[in-house]
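# structural data only, the sequence is not supplied:
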């Protein structure tokens, strides 16, 4: 992350009066706190939870992940799954495997931490390039756009012959509950499938997964073992036990309804106070991608927003190097109190006015 943004976000987090529309945080009230507390207390007595485990992850977790992919038509064995410390480690492992002077196409705006992972290994990041060795896409619900961008690209992606990194962090949080057809069905030899429970259950558990193309799995597993030995045993055992006491699909359905309602409330507030802003209504996920026709310093806009008592994510963080575009920003409706959205929109309007005066 841009250190200037990190500093401002830290500063905003210390102010209880700032309404938090920055960050992709799941709703605190949707996390299964009581069930998880009971499970953690129980598994703390388990040897498996406190000992070292295998680098590829706990068998029960891999069985669960593979089972959900098989139900969607993917031909996969649990042995193909590598459990990672969140989706971010999976992306870092993929980035390291694809490095060595390669080029990866990511689109005009995408997940900032993916950009950081790719940049850290020397990958050349471009918005679009038919000759790129790899493409990074976010399936089902793109971040930050909040809509499905893959269907329009699917045919070209499959025909490209390039490797495809598919991030499904928000796929299960489409408001209509319709999961996209996995690209791994159409190009299993080239798709790197990345998933996580961070957005649907609890990011603090730090559990994600990677399904690499078969010919690359051994190298990826060796790289993971060298970097951290294994993903946290305690979290994996707890997750397995948790699935025995909660209805995960019912939780997802409830989360979709809750996030859709939050999105509607924020959209209504923005329409009232900032009608000049432009965005597509989200199809799922946590956020709106707000675009303007104005050029300027979006760091200055973030400062003005925090001064007005609301936070946001500046758009330049989502842009690959070299992309110059009008000011945009992400607003997350997932974690802030819904009753605060009208006031947040009013404060945002004040911040925009102050920023325009500065510009």
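Perfect, thanks for sending it. Predicted, not measured: the structure shown is a model, and the values here were computed from it.
# please work out which residues outside stretch 117-127 touch it.
88, 91-92, 94-96, 98-108, 115, 132, 136, 320-323 (CB atoms under 8 Å, 6 or more residues apart in numbering). Yep, even glycine has a C-beta here, placed from its N, CA and C like the rest.
# what does stretch 61-68 give?
56, 76-81, 83, 195, 207, 209, 236, 239-240, 243.
# could you list the domains of the protein?
Using automatic domain parsing, the domain parsing of the chain gives 3-31+249-358, 33-242.
# low-confidence ranges in the stretch 201-350 of the chain?
Of all residues in the stretch 201-350 of the chain, none has pLDDT under 70.
# all strands for it, in order.
Counting by DSSP state E, counting those that start in this stretch, the stretch 201-350 of the chain has strands at residues 208-211, 287-291, 310-311, 313-314, 328-332.
# what helices or strands is the second one leaning on?
Going back to what we said before, that points to strand 287-291. Packed against strand 287-291 by the contact rule (3 or more CB pairs under 8 Å, 6 or more residues apart in numbering; DSSP states H and E) you find helix 248-273, strand 328-332.
# how distant is it from the center of its chain?
With CA atoms, centre = their mean, to the nearest Å as the basis, strand 287-291 stands 15 Å off its chain's centre.
# same deal with the last one?
Averaged C-alpha coordinates place strand 328-332 at 14 Å from its chain's average position (CA atoms, centre = their mean).
# tell me the strands beside that strand, with direction?
strand 287-291 (antiparallel), strand 313-314 (antiparallel) (DSSP bridges).
# adding mean neighbour count and distance to residue 46, write those out as TSV.
Formatted as TSV, these follow (neighbours: other CB atoms under 10 Å; distance: least, CB to CB, whole Å):
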stretch	mean neighbour count	distance to residue 46
strand 287-291	23	37
strand 313-314	26	39
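# how about those in CSV, adding distance to residue 330?
Shown next, in CSV, are these (distance: least, CB to CB, whole Å):
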stretch, distance to residue 330
strand 287-291, 5
strand 313-314, 4
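# and the contacts of stretch 61-68, which of them are buried?
Using 16 or more other CB atoms under 10 Å as the burial test, the contacts of stretch 61-68 include 56, 76, 78, 80-81, 83, 195, 207, 209, 236, 239-240 as buried.
# whatever helix or strand residue 159 lives in - contacts with which helices or strands?
Assigned by DSSP states H and E, residue 159 belongs to helix 154-160. If you count contacts as 3+ CB pairs under 8 Å, 6+ apart, helix 154-160 packs onto strand 134-138, helix 183-186.
# if we can go back for a sec, next step: the contacts of stretch 117-127 restricted to strands.
103-105, 136 (DSSP state E).
# looking at the residues you listed, state which has the most neighbours.
Highest neighbour count within these, by other CB atoms under 10 Å: residue 136, with 29 neighbours.
# ok, back up a step: which of the contacts of stretch 117-127 count as buried?
For the contacts of stretch 117-127, buried by 16+ other CB under 10 Å: 88, 91-92, 94-96, 98, 102, 104-107, 115, 132, 136, 320, 323.
# so where's the stretch 51-200 of the chain shaky on pLDDT?
Applying pLDDT under 70 to the stretch 51-200 of the chain flags no residue at all.
# quick one on the thing from earlier: ok, so of the contacts of stretch 61-68, who is nearest residue 282?
Nearest to residue 282 among the contacts of stretch 61-68: residue 195, at 20.1 Å, using CB to CB.
# would that closest one count as being in a strand?
Yes. The assignment for residue 195 by DSSP: H, G, I helix; E, B strand; the rest coil puts it in a strand.
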